[in-house]
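> The following block contains a protein sequence and its predicted model.
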Amino acid sequence: MALSYKARRRWSLFILLVGLPVYVGIVLNLMTSIGRLPFVLELLAYVALGVVWVLPFKFVFLGVGQADPDAKADDS
């Protein structure tokens, strides 16, 4: 079932305001529990984990910044 434009906007806002901070907390806990890594490995881990979070939500964020395709155009 495809989400409507309004639903995708709401979900994207929820993901960014609630889900992302929770994910950051989990990643920081994970990285501190692993211990100190060499700088390059730690940098690569943070970059990879910074990109990986968006992959499951890619379909939610697609087209959210565009105008509502379902809105009626006003010719006034």
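That came in fine, so what should we check first? Numbers count the residues shown, from 1 in each chain.

> Which is the succeeding secondary structure element to the helix or strand encompassing Val47?
According to DSSP states H and E, Val47 maps onto helix 39-52. Under the assignment DSSP H and E, the closest C-terminal helix or strand after helix 39-52 is helix 58-61.

> list the helices and strands that following helix packs on?
On a contact count with 3 or more CB pairs under 8 Å, 6 or more residues apart in numbering; DSSP states H and E, helix 58-61 meets helix 5-14. Using the backbone N, CA and C atoms, a C-beta is placed for each residue, glycine as well.

> Only the buried residues of the helix it packs on, if you could.
Along helix 5-14, the positions that meet the burial threshold by neighbour count (16 or more other CB atoms under 10 Å) are Arg8, Arg9, Trp11, Ser12.

> Of those, which pair is most distant in space?
Greatest spatial distance in the buried residues of helix 5-14: Arg9 and Trp11, 7.4 Å, computed using CB to CB.

> low-scoring stretches of the chain, by residue?
In the predicted model, the chain carries pLDDT under 70 at residues 1, 73-76.

> Centroid-nearest residue for it?
Central residue check for the chain by CA atoms, centre = their mean: the C-alpha nearest the mean position is that of Val54, 4.2 Å away.

> wouldn't that residue be in contact with Val60 here?
No - in this structure, Val54 sits apart from Val60 without contact. The criterion is CB atoms under 8 Å, and the distance is 9.3 Å.
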